[in-house]
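> Prediction below, plus the sequence it came from.
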Amino acid sequence: HIGIFKSVNISLFWHYSANETVSRPSPPASVSIQCDSYGVEVRWEYPDLDQDVQFQVKVIHDFNQRNSNVTQNLTRSLRLNISSMLFYPAYNRYIVNVTTVRGVEESEPTRSDIFSYNKYATAKIKCHLDFPEVELSPKDGKLHVQFTNPLQLYRNSPALRSLTDNLEYCIETEEGRNEACETCEIKQNTCETSVVFSEHRGEYCVNLTGKIGQRFFNLRSSCFTGDIRS
C-alpha cells in the first residue's frame, strides 16, 4: 500500500508541474520605442491575442541608479503612449519592460533599448525634436527667417515638461560655415531674425539647428527662390 501511495503522489506532482509550465504565457517580442516632438510610444508583438492576455508596461527611470523610479500601466493593445509615465523627462533616461499577464500568471519581461531626450545621456535611442517649418521672405535687402516657437508648438511634449530654458538656434548659409546664433524666449510665440548674404544668388538656402537646454533639434533646411534685394 505504501508503494502505491508514493506513486500517486509523484504522478500528481508531475501533472501539477506540467500544468504550471503550460499556463505561464509567453513573453512579448520586439519591444521598440518611437519618440518624437510630441511624445513617446512603446510597441511590441505577440503571436496569439486570443489567449485573453493583457500586457503590463513598466517604465524604469534612470534604471541603473539605486533610487530609480518605476511607473506602470496595463493594456490589451500592442502599443501604449507612455508620455505621461515619464518622470523628469528633460534629463532622465529610460528603459521599458513589457510583461504578458494572463490571470495571475506572468511571463518573463521583455526589455526595450535605453532611450532619452537628453543629448548627453548614455542611451541607444536619442529622442530629438523636429525643428519647426520655416518661412523665408525678403526684408530690407536681407533674408527674413521666421518660425513658430517650438516652446509653444511642443509645449505638451514630455521633453519640454517643466522647463524654463529658452530656445537657442543657429542659422548656417551656403556662403560659409559661419553660423548666426540667436535666442528665442519661452514667452515669444514666433521666433524671427534676418540673414545677410554678400551677393545675389537667385536661390537662398539656410540650415537651422537648435537646442532647448539638453534637448536638441533635428536639422531643418529651407530655401527661398527670388530676389531679396528689392
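Arrived safely, thanks for sending.

> contacting residues around the closest residue to Val145 other than its chain neighbours?
In space, and not counting its chain neighbours, Val145 is closest to Thr193: 5.4 Å by CB to CB, 6 or more residues apart in numbering. The C-beta positions use only the backbone N, C-alpha and C, and glycine is treated the same way. Thr193 makes contact with His144, Val145, Ile171, Ala180, Glu182, according to CB atoms under 8 Å, 6 or more residues apart in numbering.

> which of those residues count as buried?
Buried members of the contacts of Thr193, scored by 16 or more other CB atoms under 10 Å, are His144, Val145, Ile171.

> would you list these in a markdown table and tack on distance to Ile60?
A markdown table is the format used below for the buried ones among the contacts of Thr193 (distance: CB to CB, whole Å):
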| residue | distance to Ile60 |
| --- | --- |
| His144 | 46 |
| Val145 | 41 |
| Ile171 | 39 |
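
> Helices of this structure, start to end?
Along the chain, counting by DSSP state H, helices occupy 2-23, 150-153.

> Worst mean pLDDT among those?
With a mean of 46, helix 2-23 has the lowest mean pLDDT of these.

> Apart from its chain neighbours, what residue comes closest to the most centrally placed residue in the chain?
Centre of the chain computed as the mean C-alpha position; nearest residue by CA atoms, centre = their mean is Cys35, 2.5 Å away. In this structure, Cys35 finds its nearest non-sequential neighbour in Cys127, 3.6 Å apart by CB to CB, 6+ apart.

> I'd guessed Lys139 sits against Glu192; true?
No: at 9.5 Å, Lys139 does not count as touching Glu192 under the criterion of CB atoms under 8 Å.

> returning to that earlier point: show me the contacts for the residue nearest to Cys35.
Residues in contact with Cys127 (CB under 8 Å, 6+ apart) are Cys35, Asp36, Val40, Phe115, Ser116, Tyr117, Ala159.

> and it, how far is that from Asn189?
25 Å (CB to CB, to the nearest Å).

> what's the distance between Glu105 and Asp48?
Glu105 is 14 Å from Asp48, by CB to CB.

> When those two are compared, which one has more neighbours?
Glu105 (12 against 8; other CB atoms under 10 Å).

> Surely that one is in contact with Pro25?
Yes: using CB under 8 Å, Glu105 is in contact with Pro25, at 6.0 Å.

> Contact partners for Tyr117?
Residues near Tyr117 by CB under 8 Å, 6+ apart: Cys35, Pro89, Ala90, Lys126, Cys127, Pro158, Ala159, Gln214, Arg215.

> So among these, where is pLDDT lowest?
Among those, Ala90 has the lowest pLDDT, at 77.

> Now go through the contacts of Thr193 and say which are in strands.
His144, Val145, Ile171, Ala180, Glu182 (DSSP state E).

> Just name the lowest-scoring one in those residues, pLDDT-wise.
Ala180 (85).

> Relative to Ser162, how far out is it?
Distance from Ala180 to Ser162, by CB to CB: 30 Å.

> Need the pLDDT of Asn92.
89.

> what do you get for Arg177?
Note on Arg177: pLDDT of 59.

> Quick one: mean pLDDT for stretch 48-58?
For stretch 48-58, the mean per-residue pLDDT is 89.

> what comes up buried for it?
Val53, Gln54, Phe55, Gln56, Val57, Lys58.

> which among these gets closest to Phe224?
Val57 (45.7 Å; CB to CB).

> check contacts around that closest one.
Counted by CB under 8 Å, 6+ apart, Val57 has contacts Val42, Gln72, Asn73, Leu74, Thr75, Leu80, Ile82, Met85, Val96, Asn97, Val98.

> Export the residues you listed to TSV and append columns for pLDDT.
Output for the contacts of Val57, formatted as TSV (pLDDT from 0 to 100):
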residue	pLDDT
Val42	98
Gln72	89
Asn73	92
Leu74	94
Thr75	95
Leu80	97
Ile82	96
Met85	92
Val96	96
Asn97	96
Val98	98
